[in-house]
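Enquirer: Sequence first, predicted coordinates after that:
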Amino acid sequence: MDRIIIQGGERLIGEVEVSGSKNASLPIFAACILTEGENLFQNIPKLKDIETISKVLRTLGVRVDQEEDHTYRIDAQGVPYCEAPYDLVKTMRASILVLGPLVARKGEAVVSLPGGCAIGARPINLHLMGLEAMGAKIELRKGYVQAKADRLRGAEIAFDTPTVTGTENLMMAATLAKGKTILRNAAMEPEVAELAKVLNKMGARIEGAGTSTIIIEGVEGLSGVKHTVIPDRIEAGTFMVAAGLTRGNIKLINCPLEHLEAVVYKLREAGVEIEPEGDGVRVIGNTRIRSTDVKTQPYPGFPTDMQAQFMVLMSLARGLSVITETIFENRFIHVNELLRMGANIRIKGNTAIIQGVDHLSGAPVMATDLRASASLVLAGLVAEGVTEVSRVYHLDRGYERLDQKLAGVGANIRRV
Ligand code: EPU
């Protein structure tokens, strides 16, 4: 199994190109189930999760061809099958994104329940509640969700809490429903707005995506599109932290600054300089990091997907900071590993109290979640000595060539 070995202490200097967004690409792939025609997508990141959603689509009989590294052609002329099996869904929870499109297109879906994961229980009750409100009959059998509806009908649905994939699932289902659907307290993440943009190109009638109220007027059918996916805001944010930590000076090409307001605000508070420059964004870490508190929130708040990376920065800040995680109940998996590298962090419920230290020291570490693993790589970049990160497959799910991109800006990092 691959490991990443980092000799800490190098400043990061140079240019990094941000890849396409993972969490936008996944629902866009699922949306193809709704279309009778050929779709062409560009700027798709090269990731394990993209391979997994491609496999799920192929299992349904959809044709998925990778044309070049970042270009995919997806043809859902026919969708002969309606079952997403446990073996695939268990490797990636986002497979649940095929549920809404399948019921809408085929009148039937059988999708394995994803189960819990390392960062929390992650229920899908709100996805199911919404589909039921749209007239689907839902049964849970042998670990699978079975959903049936001759034709979904529009409904008014209010989420108890904003859910990203829940909003996406119901928005996709509603595009082919009879009548109007209103989603209230919807997730406002840029990936939701991006999906709506693609669905509208396909012929859907969606308004308000990117706000908390989304209105979808059902149509009779959708057709194929050509689309270039937005860049990945979490990958960009991760590189911003890397520059701040290493007192680096990097330019991020293709950086979605408009989707990173809360992150940029906090990084600037911590002393990291971030300014637009030509076709990119310049990030400079000049000074010792200052401590600042962070609370994760649904968008446009500070993203839970940046919490672990930000904690590494705070571990080396001057003073005390408090990080509160409000989205997932177990998203401090990185803390015990950071403690082994010399960080000073105490956990109380959903808050982490971090007393900045002068330095971290390299150690063998591992994590069972994508963003936690990324935070350990970041820690390795500044730690004294050698850090060995194992279970690298978590990183490969969501970061395209992270080790190579870091090496390209001067990190002493290799994969063995
Ligand atoms: N929730 C419910 N019931 C539901 C759905 C969600 O109670 O039916 C709760 C969750 O337990 C959680 C909150 O709602 O407390 C928000 O979860 P959400 O449903 O928004 O998460 P998700 O859609 O499963 C997506 C991203 C995650 C990201 C979260 C939060 C994708 C494919 N995944 O997950 O990304 O952390 O939103 O922003 O878009 C990652 O990329 O590393 C990752 C985990």
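Expert: Looks like it came in fine. Numbers count the residues shown, from 1 in each chain.
Enquirer: Next, the most far-flung residue of the chain relative to its centre: secondary structure please.
Expert: Note on the chain: the largest C-alpha distance from the chain mean falls to Asp150, namely 32.5 Å (CA atoms, centre = their mean). Put simply, Asp150 is coil when judged by DSSP: H, G, I helix; E, B strand; the rest coil.
Enquirer: From the ligand, how far out is it?
Expert: As defined by CB to the nearest ligand atom, to the nearest Å, Asp150 lies at a distance of 25 Å from the ligand. C-beta here means a position set from N, CA and C on the backbone, and glycine is covered the same way.
Enquirer: for that residue, what are its contacts?
Expert: Counting by CB atoms under 8 Å, 6 or more residues apart in numbering, Asp150 touches Gly107.
Enquirer: hmm, try it at 10 Å
Expert: With contact set as CB atoms under 10 Å, 6 or more residues apart in numbering, Asp150 has these partners: 107-108, 135-136, 178.
Enquirer: Selection in PyMOL covering whichever of those are buried, please.
Expert: Command for PyMOL that selects the buried part of the contacts of Asp150, burial taken from 16 or more other CB atoms under 10 Å:
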select buried, resi 108+135+136
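Enquirer: For the contacts of Asp150, please prepare JSON lines with the additional fields distance to the ligand.
Expert: Shown next, in JSON lines, are the contacts of Asp150 (distance: CB to the nearest ligand atom, whole Å):
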{"residue": "Gly107", "distance to the ligand": "22"}
{"residue": "Glu108", "distance to the ligand": "21"}
{"residue": "Gly135", "distance to the ligand": "19"}
{"residue": "Ala136", "distance to the ligand": "15"}
{"residue": "Lys178", "distance to the ligand": "24"}
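Enquirer: which ones are touching the nearest residue to Val416 once chain neighbours are set aside?
Expert: Nearest residue to Val416 in three dimensions, chain neighbours excluded: Arg3, at 5.5 Å (CB to CB, 6 or more residues apart in numbering). Going by CB under 10 Å, 6+ apart, Arg3 touches 364, 366, 388-392, 414-416.
Enquirer: Show me which residues of the chain sit near the ligand.
Expert: 23, 26, 94, 120, 122-127, 161, 163-166, 187, 191, 303-305, 327-328, 370-371, 398 (CB under 6 Å from any ligand atom).
Enquirer: for Phe29, phi and psi?
Expert: phi -60, psi -40 (degrees, to the nearest 10).
Enquirer: just Gly8 next, same as before
Expert: phi -70, psi 170.
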